[in-house]
Every structure is written in C-alpha cells, then in structure tokens.
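Participant: pasting the structure only:
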C-alpha cells in the first residue's frame, strides 16, 4: 500500500483496508487504487480526543 499512499495512511489488516485519517494528506493517490475510498469516505471531524476516531475501515470485498 505504501506505493499508493506516500503518508502510509492505508494498511491492510486481516480482511480489512484501514484508512488512518490522522495520517492522510488527501493527495488522492488511493483513488486510483480503490474508487470506494473516494465515494464512501466519511466526512470526518478531525478535531477529536481519541485517535481511534480517525480510523476508518472497509471490507476488502467492498473495495473495487
């Protein structure tokens, strides 16, 4: 995933693709890899007290 994401915000964890919005720089390179990230990416409230609130995951079967 590092080739698609220069900030290492994408990681495969078991059967899921995890997007770390705390690391994401919104460069758009992942859109070429998985269009679902662009369509279904949540509007995140980046002001949070919990790092876990910045983590979004997708089932790999949903990533096209």
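Facilitator: Cool, got the structure. All figures in this text were calculated on a predicted structure; none of them were measured in a lab. Numbering: from 1, shown residues only.
Participant: from here on, contacts and neighbour counts on C-alpha atoms
Facilitator: Noted.
Participant: which residues does residue 60 contact?
Facilitator: Taking Cα atoms under 8 Å, 6 or more residues apart in numbering as the definition of contact, the neighbours of residue 60 are 15, 16, 17.
Participant: mind listing the strands for this structure?
Facilitator: Shown for the chain, the strands assigned by DSSP state E span residues 10-13, 16-20, 55-59.
Participant: Identify each buried residue in the first one, please.
Facilitator: For strand 10-13, the buried set under the neighbour-count rule, 16 or more other Cα atoms under 10 Å, comprises residue 10.
Participant: Kindly report the same for the last one.
Facilitator: Using 16+ other Cα under 10 Å as the test for burial, strand 55-59 gives 55, 56, 57, 58.
Participant: which ones are touching the second one?
Facilitator: This points to residue 56. When the contact criterion is Cα under 8 Å, 6+ apart, the partners of residue 56 are 18, 19, 20, 21.
Participant: As a markdown table, those residues with pLDDT would be great.
Facilitator: Output for these, formatted as a markdown table (pLDDT from 0 to 100):
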| residue | pLDDT |
| --- | --- |
| 18 | 88 |
| 19 | 86 |
| 20 | 90 |
| 21 | 87 |
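Participant: Buried ones from those residues, can you make that a ChimeraX selection?
Facilitator: Below is the selection syntax for ChimeraX that covers the buried ones among the contacts of residue 56, with 16+ other Cα under 10 Å defining burial:
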select :18,19,20,21
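Participant: ok, the contacts of residue 56 vs residue 5, which is closest?
Facilitator: Sorting the contacts of residue 56 by how near they are to residue 5, with Cα to Cα, puts residue 19 at the top with 10.1 Å.
Participant: Run through the bridge partners of that closest one.
Facilitator: residue 10, residue 56 (DSSP bridges).
Participant: Lowest average confidence across the strands of the chain, which one?
Facilitator: Comparing mean pLDDT across the strands of the chain, the weakest is strand 55-59, with a mean of 83.
Participant: now the helices for this structure?
Facilitator: Counting by DSSP state H, the segments of the chain that form helices are 29-33, 35-40.
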